[in-house]
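A.B. asks: Quick one: sequence plus predicted model below, questions after.
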Amino acid sequence: MQTTSVQSSQRLTIPELRTLSLASLGGALEFYDFIIFVFFTTVIGKLFFSASLPDWVRQVQTFGIFAAGYLARPLGGIVMAHFGDTRGRKRMFTLSVLLMAIPTLLIAFLPTYKSIGIAAPLLLLVMRVMQGIAIGGEAPGGWVFVAEHARQGQVGFAVGLLTSGLTCGILLGSLVAAGVNTAFSQAQIAGGFWRVPFLIGGAFGFIAMLLRRWLEETPVFEEMLRRAAISRELPLRTVLRSYGRAITISVLTTWMLTAAILVVVLMTPSLLQNLFRLAPHDVQLANLAGTAALCLSTVAIGVATDRFGIRRVAIPVLLLLIAATYGLYIGAERLPSALLPLYVLAGIGAGSAVLTPIVMVRAFPPAVRFTGVSFSYNIAYAVFGGVTPLLVSWLAHLNRLSPAHYIAAVTILGLLAILAAPTAAVLDEKFSKKVETV
């Protein structure tokens, strides 16, 4: 009750609103760069792999290259987090954008399998690894940055807004993909217009970098500098030695996040077309609506955690995610005319992904917060984000409802992890301590 009254009496100032807005917009542009690949997996699979392979094999291989970006995340995440905890959040938050823009732009100019053979998918793999290194510092850095700028009682809102920005990058990718598919025939897209979204992505990356020059360092890190509270040893060593429980909870909830975003939002459009032979236009429209619902629900769920606590919010929204995903896949088979509203419900349920960063930023003290969040998140995403596209693609080949089964199993594990975490009151008390030395 006290938290609610404090929250209601505090309104965002113009500098606070500018910080949250610029961080969220920059996150949207960078995340677009990372995920635009998945919207063109079909054409990329045909252009970068041998035409003699079966379609489903090429799809699995293309998703494998997409997944390679996740496998590379820990390298970039750990390095950038180390300097984020010792040199400043803002510097690493800005650097990640530049590291993303370069490979995205280069993908637009890659030769195809027809031109250089096996070297084509290998070069594509290198670009995805470079993107993975960049994104490894983006989401964790962004969550820590906005959470440390937020006032007490507004952490959920701040993290929800940044997460909405990241997911709006997915929406932006969907819109660009839909625009390309509407404006050009499949033959024209395969002939070279698939490169346009990557050219746009390179431009977005440099714009995002310019936007972040207007951001200021977080008050928490500045206070750490004033009090000489920077970790005296390697932040990662401290995290591994002293925060095992926080790591475990963060890893399990990140697995849940990967399932919600990768399967429901990114993979489902291709899966629905291949499994149920639905029209690409209908699937893309439904995906756009579902992604828009995701962008809104992350903010709403974040605000709800500020008011009611994480546990009370987690149970209903995670159960909704499970039920809506089953409804989406069953409806695609039996009632394809209801695909759009079913995808909207699934998108709202997928907004539960915001619970993961809200738990994580409160689980680690300021001196090692960037490292703790980045290590847990990126290790989990490297393992589960890397395996999920391959595993779900293979399972879907065996059983059409396998993606929904996977979502249900992983979501239950995530819910158990959230319930096992410290209570919301304890988390809020820990987070409100601006500096905690290690």
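C.D. replies: Perfect, I can see it now.
A.B. asks: buried sites along stretch 182-202?
C.D. replies: Phe184, Ile189, Ala190, Phe193, Trp194, Arg195, Val196, Pro197, Phe198, Ile200, Gly201, Gly202 (16 or more other C-beta atoms under 10 Å). Quick note: C-beta positions are derived from backbone N, CA and C, even for glycine.
A.B. asks: Could you identify the most distant pair in those residues?
C.D. replies: Using C-beta to C-beta, the two most remote members of the buried residues of stretch 182-202 are Ala190 and Gly202, lying 20.9 Å apart.
A.B. asks: in the stretch 51-200 of the chain, what spans have low per-residue confidence?
C.D. replies: 82, 84-90, 93 (pLDDT under 70).
A.B. asks: Please name the nearest non-neighbouring residue to Ile330.
C.D. replies: Leu401 (7.2 Å; C-beta to C-beta, 6 or more residues apart in numbering).
A.B. asks: In contact with the one you found, which residues?
C.D. replies: Tyr326, Tyr329, Ile330 (C-beta atoms under 8 Å, 6 or more residues apart in numbering).
A.B. asks: rerun that using 10 Å as the cut-off
C.D. replies: Residues in contact with Leu401, defined by C-beta atoms under 10 Å, 6 or more residues apart in numbering, are Leu275, Thr325, Tyr326, Tyr329, Ile330, Glu333, Leu395, Ala408.
A.B. asks: Out of these, which end up buried?
C.D. replies: Leu275, Thr325, Tyr326, Tyr329, Ala408.
A.B. asks: Quick check: phi and psi at Ser52.
C.D. replies: Main-chain torsions, Ser52, degrees, to the nearest 10: phi -80, psi -10.
A.B. asks: Report the buried residues of stretch 301-312.
C.D. replies: For stretch 301-312, by 16+ other C-beta under 10 Å, it's Ile301, Gly302, Val303, Ala304, Thr305, Asp306, Gly309, Ile310.
A.B. asks: quick one: which of those residues is nearest Val359?
C.D. replies: Nearest to Val359 among the buried residues of stretch 301-312, with distances taken as C-beta to C-beta, is Ile310, at 6.4 Å.
A.B. asks: Would you check that the closest one makes contact with Gly414?
C.D. replies: No. Here Ile310 lies out of contact with Gly414, judged by C-beta atoms under 10 Å, at a distance of 11.8 Å.
A.B. asks: what residues are shared contacts of those two?
C.D. replies: Counting by C-beta under 10 Å, 6+ apart, the common neighbours of Ile310 and Gly414 are Leu355, Val359.
A.B. asks: picking up where we left off before, next, format the contacts of Leu401 as CSV and append secondary structure.
C.D. replies: Shown next, in CSV, are these (DSSP: H, G, I helix; E, B strand; the rest coil):
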residue, secondary structure
Leu275, helix
Thr325, helix
Tyr326, helix
Tyr329, helix
Ile330, helix
Glu333, helix
Leu395, helix
Ala408, helix
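A.B. asks: List just the nearest of the residues you listed to Ala346.
C.D. replies: For the contacts of Leu401, the nearest to Ala346 is Thr325 (5.6 Å; C-beta to C-beta).
A.B. asks: check contacts around that closest one.
C.D. replies: 259-260, 263-264, 268, 342, 345-346, 349-350, 401, 403-408, 411.
A.B. asks: Mind checking which of those are in helices?
C.D. replies: Of these, the ones assigned to helices by DSSP state H are 268, 342, 345-346, 349-350, 403-408, 411.
A.B. asks: So which of those residues is the closest to Thr253?
C.D. replies: Thr411 (10.3 Å).
A.B. asks: That closest one contacts Ile315, correct?
C.D. replies: No. Counting by C-beta under 10 Å, Thr411 stays clear of Ile315, with 11.1 Å between them.
A.B. asks: Which of those two has more residues huddled nearby?
C.D. replies: For Thr411 versus Ile315, neighbours defined as other C-beta atoms under 10 Å are more numerous around Thr411 (23 against 13).
A.B. asks: count of neighbours near the residue lying closest to Leu22 once chain neighbours are set aside?
C.D. replies: Counting by C-beta to C-beta, 6+ apart, Leu22 lies nearest to Leu211, which is 5.2 Å off, once chain neighbours are set aside. For Leu211, the neighbour count with other C-beta under 10 Å is 17.
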